[in-house]
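# Take this sequence and fold it.
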Amino acid sequence: MGRDQAAILVVDDVPDNLTAIEAALDGLGHRPVFARSGQEALRCLLERDFALILLDVQMPSMNGLETARLIRRRKRSRHVPIIFITAHDRNDDEILAGYRLGAVDFLFKPIHPEILRAKVSVFVELQRRTAEVARQAQTNLALERMRAQLQHSNQRLALADRRKDEFIAMLAHELRNPLAAIMSGLEVLAVDPSPTVVETIRPAMTRQGLHLMRLVDDLLDIARITSGKLQLHEQLIRVQQVLDDAVELVSPDVIAKRQLLDIDCDCGELRICGDPVRLAQVVANLLSNAARYTDPGGHIWLSARLDQRGELRICVRDDGRGMPPSLLSRVFELFVQGEVGGGGLGIGLTLVRQLTQMHGGEVTARSEGLGRGSEFELRLPLAGDQRPRRLAPGERSSELGLAHKRVALIDDDHDVRELTRSVLEHWGHSVVEAAHGTDGIALVLNERPDIAIIDIGLDDIEGYEVARRLRAELGDRCPRLIAMTGFGRAQDRERAFAAGFHAYLPKPARSEALRSAMHGSVD
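Numbering: from 1, shown residues only. Sure, this is the predicted structure:
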């Protein structure tokens, strides 16, 4: 609002009074807007902002005091100055009530034009300056926020730069150690290549070479994950095999530090769908981390169990150095280490989190503080109770004792439906299809299939809502519901089970995982 373009609301039920006020304000450069009742004044305040309100006290239907009370209740007009206009026989109670409602002044009839002009000019200018100060305050606040954001960004960049420098220094240190050992061994062999010397130094060179390979592999894995090029080679595998492979990988480190590894992992025939190499790497990284930050002779515990939600929980705990809260909140970030020179590059736990999430699970860390040990827990979904045998060419599911199923396939991607239907029909099942969520609900209610495979990201309603409606409509008669989706986060899986799904398969779902989901028990 410009300095000479202030709008003034004049409220009076007597036309002659409005005419007199208009004549008095003529030449000030302000725009008067006239209202002949309190109701009309409130409508004007909804449509635009005003710098000042001249409000008659005595009006029929809604007097000036009642109108002012409603004006003050509205956030938009709460702070607009009000000058009350009242009869010459002033009423002290009336004036006091006006001031309580936020009046800035009173004018008494008959109005003296010069006094009106002077007061209007003063209060309009005051309101203009108040608005200017408020705008300046908002500008200053925005500038402060920008400065704070810039400072925060600079701090983050400085931290990233410092971590980069620390990482390069650690990388040089970690690479130099095994290379030094290997080069020293080669120099010894150059002087004395006798069988006795070879047998003496070969184990050390082998260990250092393997350590060097692990460092390079970790670096390559981080690069692949960051660029989205890391591919999982999933299959149905025994949980116990994953744990055994992980223990075998870290046993040399544990033995070298004379640490006690207590294993409580009687997983029997529990199976998980995932990449066996990557899952073993996840558990091995947790065990290696525990060994690194536990003193020689310390204790490490590895346990695995099936919880009440049907999830696999793998826990790695130690009585080592523990973590302060400041480290605990960042422990899965890239290049973060518990201490300088602790060994490694600070990327092992980052790999743990990334690979766990790629398998539809999550990992958490706990510690009661320095010197009180640490605990890491993995939560991973189980694939099913039995491992299906691979189909021989031309062999159908009925030949393996798997009963014929009627399957509803609900997916808005035509190619996905075609390929999945082909697989299911090859297994001997009959398939009905729908491309939309609402059509899928009707299809299931009409056809009553044994199984419904439902995409989450449907184009009309989400698959979660499809599952909820089918559960509500059919109750115990609801078919087995399988979510097959491109969303692979742990929270997406939790939402699926909360909506009523029996199984959850991230796309692309491998045949073994789909068969397990179709014929397994309720997860």
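# domain assignment for the chain?
What automatic domain parsing lists as the domains of the chain is 7-111, 238-381, 397-519.
# Ser153: which of these is closest?
domain 238-381 (17.2 Å; C-beta to C-beta). Using the backbone N, CA and C atoms, a C-beta is placed for each residue, glycine as well.
# Figure out how far that closest one is from the centre of its chain.
24 Å (C-alpha atoms, centre = their mean, to the nearest Å).
# Show the end-to-end separation of it, please.
13 Å (C-alpha to C-alpha, to the nearest Å).
# Is Met205 in a helix, a strand, or coil?
helix (DSSP: H, G, I helix; E, B strand; the rest coil).
# per-residue pLDDT, the closest residue in space to it that isn't next to it in sequence?
Nearest non-adjacent residue to Met205, counting by C-beta to C-beta, 6 or more residues apart in numbering: Gly185, 4.4 Å away. Model confidence at Gly185, given as pLDDT, is 82.
# Now for Gly185, how many residues are close by?
Neighbourhood size, Gly185 [other C-beta atoms under 10 Å]: 20.
# what sits against it?
Ile201, Arg202, Ala204, Met205 (C-beta atoms under 8 Å, 6 or more residues apart in numbering).
# now the residues you listed as CSV including distance to Asp12?
Listed next are the contacts of Gly185 as CSV, based on distance: C-beta to C-beta, whole Å:
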residue, distance to Asp12
Ile201, 107
Arg202, 106
Ala204, 102
Met205, 102
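# Farthest-apart pair in these, please.
With C-beta to C-beta as the measure, no two of these lie farther apart than Arg202 and Ala204, at 7.4 Å.
# biggest helix in this structure, by residue count?
helix 113-191 (DSSP state H).
# Leu270 reaches Asp307, doesn't it?
No: contact between Leu270 and Asp307 fails when scored by C-beta atoms under 8 Å: they sit 11.9 Å apart.
# Of those two, which one has the most company?
Legend: neighbour count by other C-beta under 10 Å for Leu270 and Asp307, higher for Leu270 (18 against 9).
# mind checking how far the more buried one is from Leu312?
7 Å (C-beta to C-beta, to the nearest Å).
# what's the overlap in contacts for those two?
The contact lists of Leu270 and Leu312 share Val239, Leu306, Leu382, where a contact means C-beta under 8 Å, 6+ apart.
# Cross those residues against strands and list the overlap.
Counting by DSSP state E, the shared contacts of Leu270 and Leu312 place Leu306 in strands.
# Show me which of the shared contacts of Leu270 and Leu312 are buried.
Buried by 16 or more other C-beta atoms under 10 Å: Val239, Leu382, out of the shared contacts of Leu270 and Leu312.
# ok, so of the shared contacts of Leu270 and Leu312, who is nearest Leu141?
Distances from Leu141 to the shared contacts of Leu270 and Leu312, taken as C-beta to C-beta, are shortest for Leu382 (52.6 Å).
# wait, doesn't the closest one sit right on Leu270?
Yes: contact criterion C-beta under 8 Å: Leu382 and Leu270 qualify, at 6.4 Å.
# shared neighbours of those two, anything?
Taking C-beta under 8 Å, 6+ apart as the contact rule, Leu382 and Leu270 both touch Leu306, Leu312.
# do you know how far Ala472 is from Cys478?
Separation of Ala472 from Cys478 (C-beta to C-beta): 9 Å.
# And Gln231, by the same measure?
35 Å.
# Among these two, which residue is more densely surrounded?
Taking other C-beta under 10 Å, Gln231 and Cys478 do not tie; Cys478 has more neighbours (17 against 10).
# List the contacts of that one.
Cys478 touches Leu470, Arg471, Gly500, counting by C-beta under 8 Å, 6+ apart.
# Repeat the analysis, applying 7 Å as the threshold.
Leu470, Arg471 (C-beta atoms under 7 Å, 6 or more residues apart in numbering).
# Just the pLDDT at the closest residue to His233 other than its chain neighbours, thanks.
Spatial nearest neighbour of His233, excluding adjacent residues (C-beta to C-beta, 6+ apart): Asp275 at 5.1 Å. As predicted, Asp275 sits at a pLDDT of 85.
# Also the one 10 residues further on?
The pLDDT attached to Asn285 in the predicted structure is 87.
# Equivalent analysis for the one 3 residues further on, please.
In this prediction, Ser288 carries a pLDDT score of 88.
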